[in-house]
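**Q** Quick one, structure for this:
(one chain, ligands or ions: 1)
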Amino acid sequence: MSIWSFDGLLKYKGICHFVSGRMGGASHPPFHSLNLGFHVGDNQQTVIKNRRRLACALGIPLSCFTFAKQIHKGGVKIITEKLRGAGSVEQGKTIDGADALVSNVPNICLVVLIADCVPVLFYDPVKNVAGVAHAGWRGTLRQIVKNTIGVFQEGFGSLSRDIIVGIGPSIGPCCYEVGQEVIAQVEEAFPSKEIYIDRVTKEGKGFFDLWEANKAQLIGAGIPERNIEVAKICTHCSHDSFFSHRFQKGRTGRFGAGIMIQGG
Ligand SMILES: [Zn+2]
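**A** Just a heads-up that it's a prediction; the model follows:
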């Protein structure tokens, strides 16, 4: 099993974080092999087995994992003690309607599930607050990362300058071709779409750079550029290592990105 991490977050011993890949699990095609998503049509017991393998590799009990049921609306939820483990072994208990989770409670591993969308991890070492977000094109246009920073500030008194951010593997600007409808919405959401939409064709299609768009929103929310690490790994190009919704034409598994404050 391969597990990725961010250098910028590894410096902090008070947290554990990860990005999982697709290798080392028990699922069969098209979910081969470390699929962590219950909702994609895979066998439920196999998904639990995969989640247990990951939990074991990370040294975190599966009962600490808390999963978001992402809906691309840009909503952020604060996770309290009583929600520890929500959705870890049952899809029905997944935290509903949240594209980002934030918590300052130790031993809650906040997880988003990914196959092309952008996973974003957050940590404020001063206030000891962790967060995770999922930014597809809709979440990006609804400013999910800015909303998450807002919850750090309003809910926990965080200062933007203290927050460390990792932007994980997702479909890259090399492969993320979008149509006129998406481009029109990017135009509305950003003052200058040229920065984020590249190689526009005669037919009006172009390539959307989700990494730069999310990074720009973070900088706009006051996060210093030096605090932001971008993995720059394209899931579509690296479909052997990660699940890619687009490469597998919608029939695929999910990898995870998570972060947890370590308890004493
Ligand atoms: Zn690519």
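**Q** for the residue nearest to G74 when sequence neighbours are not counted, what are its contacts?
**A** Distance criterion C-beta to C-beta, 6 or more residues apart in numbering; nearest residue to G74, sequence neighbours excluded, is R142 at 3.1 Å. Where you see a C-beta, it was placed from the backbone N, CA and C, and this is true even at glycine. Shown in contact with R142 (C-beta atoms under 8 Å, 6 or more residues apart in numbering): 72-74.
**Q** Repeat that for F122.
**A** Neighbouring residues of F122 by C-beta under 8 Å, 6+ apart: 102, 129-133, 148-149, 152, 163-165, 259.
**Q** And the buried ones among those, selectable in ChimeraX?
**A** Here is the ChimeraX command that selects the buried residues among the contacts of F122 (16 or more other C-beta atoms under 10 Å):
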select :102,129,130,131,132,133,148,149,152,163,164,165,259
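**Q** For the contacts of F122, give me TSV that also has distance to the ion, secondary structure and pLDDT.
**A** Listed next are the contacts of F122 as TSV, based on distance: C-beta to the ion, whole Å; DSSP: H, G, I helix; E, B strand; the rest coil; pLDDT from 0 to 100:
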residue	distance to the ion	secondary structure	pLDDT
V102	30	strand	98
V129	33	strand	98
A130	29	strand	98
G131	27	strand	98
V132	23	strand	98
A133	21	strand	97
T148	25	helix	98
I149	27	helix	98
F152	31	helix	98
I163	28	coil	98
I164	26	strand	98
V165	22	strand	98
I259	25	strand	98
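**Q** In terms of distance to S27, which of the contacts of F122 ranks first?
**A** Closest approach to S27 among these (C-beta to C-beta): V132, at 22.6 Å.
**Q** you'd agree that closest one is up against P119?
**A** Yes: with contact defined as C-beta atoms under 8 Å, V132 reaches P119; the gap is 7.0 Å.
**Q** Right, I'll call it a day here.
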